[in-house]
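Enquirer: What shape does this take:
(one chain, ligands or ions: 1)
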Amino acid sequence: MKAVVIHEYGDENVMHYQDFPTPTPGPRDVLIQIKAACASRSDTARRSGTYGGATGNRPLPFINGLDVAGVVVDRGPGVTEREVGDRVVALLANGGYAEYVACHVASTASIPPNIGFEQACTIPVIWMTAWFGLLYEGELKAGETALVNAAGSGIGSAGIQIAKAHGARVITTAGADWKLQRAKAELGADETVNYTTQDTVAEVLRLTGGRGVDVALDAVGGQVYLDSIRCLAEGGRLVSVGAASGGRPSDDPATLTDKHVTTKQFGLPTAIQKGLVRPELQKCMDMLGQGRFKAVIHQVLPLSQVREAHRIIASRDIFGRVVLVP
Ligand SMILES: NC(=O)c1ccc[n+]([C@@H]2O[C@H](COP(=O)([O-])OP(=O)(O)OC[C@H]3O[C@@H](n4cnc5c(N)ncnc54)[C@H](OP(=O)(O)O)[C@@H]3O)[C@@H](O)[C@H]2O)c1
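Expert: Predicted coordinates:
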């Protein structure tokens with residue numbers, strides 16, 4: 001099969017589109033013919049060897065890619081839950097930038113018939129991170145107000161929609177006005193703040209009548225993370241799921257706000273290990289099929305153009321996901 005293989009950590013040029021042995025499914029695995037794979041900021045960190053997540057950098061050589069959509073073409077002898085021909089998404093530890101991947105059947109969820117592979121592959125990692133961050137760690141309830149940072153990011157574009165679908169009022173931020181306009185027009189955000197040109201804390205307090213927000217979801221880090229703590233209402237919860245700007249300051253909320261607030265970190269790998277993710281992923285896929293969510297795709301590229309995909313992600317001039325088609 002063709003795959004994108006990384007033999008050393010570095011910039012986009014360490015990714016090589018080459019022949020690679022097609023995997024064989026283990027006893028509880030399915031073999032998926034990949035129709036679309038999602039490229040993400042986490043992949044760029046794994047490629048460069050700077051990934052700080054719970055699972056750390058991958059041993060070399062490796063095939064990047066955590067989210068795929070495709071068709072089951074083979075299965076191990078212990079698999080009864082899936083048939084050859086099933087359309088599935090899968091949440092992987094790696095191996096997505098390829099024509100085929102073998103993965104445990106429990107990593108898969110069904111794709112609704114009206115949803116295409118390119119849309120479907122954008123869901124697993126990012127949507128589950130925003131989903132667990134807002135609904136489980138953040139305990140967001142209908143009628144509350146959520147602050148969702150970086151409207152054009154994977155986490156942000158999912159988080160806005162998840163919070164709205166669960167009855168929250170959503171204030172979203174971004175570093176560019178065009179992203180904020182799209183967040184309102186296409187994703188349903190109620191209010192927007194440009195964190196490069198506006199005073200985020202003053203603006204969020206103004207928009208909430210001085211009260212602040214109940215839940216903040218942050219994957220930007222740095223000043224945006226600190227400001228998000230200052231935006232919380234009494235009893236507010238900040239959930240940090242990433243630090244795209246490079247750092248997550250060590251926080252002592254007591255030095256940032258007089259209010260009683262909680263800060264938490266959430267990492268999807270822990271929830272996967274606890275077996276919590278698959279049922280929620282299926283619920284989310286079903287809501288996508290019902291038209292309650294929309295996948296946000298910035299661009300679709302052939303897998304062979306993976307280097308361009310990573311350049312686009314690094315540019316920040318992006319709204320939603322980059323999808324790779326083998
Ligand atoms: N906890 C988990 O399990 C988990 C799962 C998936 C991802 N993550 C992490 O979550 C973070 C976001 O992932 P993502 O896929 O949503 O990223 P993304 O789509 O690339 O978006 C990152 C956003 O951060 C904003 N940003 C602000 N300052 C930035 C800077 N200095 N450099 C780059 N971006 C900056 C950008 O928006 P503006 O240009 O509008 O400022 C950009 O849209 C990453 O750190 C990723 O590793 C964590």
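
Enquirer: any residue of stretch 204-220 up close to the ligand?
Expert: Yes. Judged by C-beta under 6 Å from any ligand atom, stretch 204-220 comes into contact with the ligand at 219-220. Bear in mind the C-beta positions are built from the backbone N, C-alpha and C, glycine included.

Enquirer: got the buried residues for that stretch?
Expert: 204-205, 207-208, 212-220 (16 or more other C-beta atoms under 10 Å).

Enquirer: Same check on stretch 138-146?
Expert: Buried, per 16+ other C-beta under 10 Å, within stretch 138-146: 138, 140, 144-146.

Enquirer: How about stretch 185-197?
Expert: Quick answer for stretch 185-197 (16+ other C-beta under 10 Å): 186-187, 189-195.

Enquirer: would a markdown table of those residues with pLDDT, distance to residue 303 and secondary structure be doable?
Expert: As requested, those are exported to a markdown table (pLDDT from 0 to 100; distance: C-beta to C-beta, whole Å; DSSP: H, G, I helix; E, B strand; the rest coil):
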| residue | pLDDT | distance to residue 303 | secondary structure |
| --- | --- | --- | --- |
| 186 | 98 | 27 | helix |
| 187 | 98 | 28 | helix |
| 189 | 98 | 32 | coil |
| 190 | 98 | 38 | coil |
| 191 | 98 | 39 | strand |
| 192 | 98 | 35 | strand |
| 193 | 98 | 37 | strand |
| 194 | 98 | 35 | strand |
| 195 | 98 | 34 | coil |
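
Enquirer: Leaving out the residues flanking it, which one is nearest to residue 106?
Expert: residue 278 (5.8 Å; C-beta to C-beta, 6 or more residues apart in numbering).

Enquirer: so what's the one you found up against?
Expert: Counting by C-beta atoms under 8 Å, 6 or more residues apart in numbering, residue 278 touches 106-109.

Enquirer: Taking the residues you listed together, which two end up most distant?
Expert: Within the contacts of residue 278, 106 and 109 form the most distant pair, 9.8 Å apart (C-beta to C-beta).

Enquirer: which parts of the stretch 1-150 of the chain sit against the ligand?
Expert: Contact residues (C-beta under 6 Å from any ligand atom) of the stretch 1-150 of the chain with the ligand: 40-42, 45, 125-126, 129, 150.

Enquirer: Inside strands: which ones of the residues you listed?
Expert: Counting by DSSP state E, these place none of their members in strands.

Enquirer: Could you tell me the model confidence score at whatever residue of the stretch 201-326 of the chain ends up closest to the ligand?
Expert: Nearest to the ligand in the stretch 201-326 of the chain, going by C-beta to the nearest ligand atom, is residue 242, at a distance of 2.2 Å. pLDDT recorded at residue 242 is 93.

Enquirer: Would you mark the buried spots in stretch 313-321?
Expert: 313, 316, 318-321.

Enquirer: what's the span of it from first residue to last?
Expert: Counting by C-alpha to C-alpha, to the nearest Å, you get 8 Å between the two ends of stretch 313-321.

Enquirer: before we move on, back to that, mind putting the buried residues of stretch 138-146 into JSON lines with distance to residue 256?
Expert: Listed next are the buried residues of stretch 138-146 as JSON lines, based on distance: C-beta to C-beta, whole Å:
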{"residue": "138", "distance to residue 256": "18"}
{"residue": "140", "distance to residue 256": "21"}
{"residue": "144", "distance to residue 256": "21"}
{"residue": "145", "distance to residue 256": "19"}
{"residue": "146", "distance to residue 256": "19"}
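
Enquirer: residue contacts, the spatially most central residue of the chain?
Expert: Nearest to the geometric centre of the chain sits residue 126, at 1.5 Å (C-alpha atoms, centre = their mean). Residues in contact with residue 126 (C-beta under 8 Å, 6+ apart) are 38, 40, 67, 154-155, 158, 321.

Enquirer: Closest one of the buried residues of stretch 138-146 to residue 287?
Expert: Closest to residue 287, out of all of the buried residues of stretch 138-146 and judged by C-beta to C-beta, is residue 140, at 15.5 Å.
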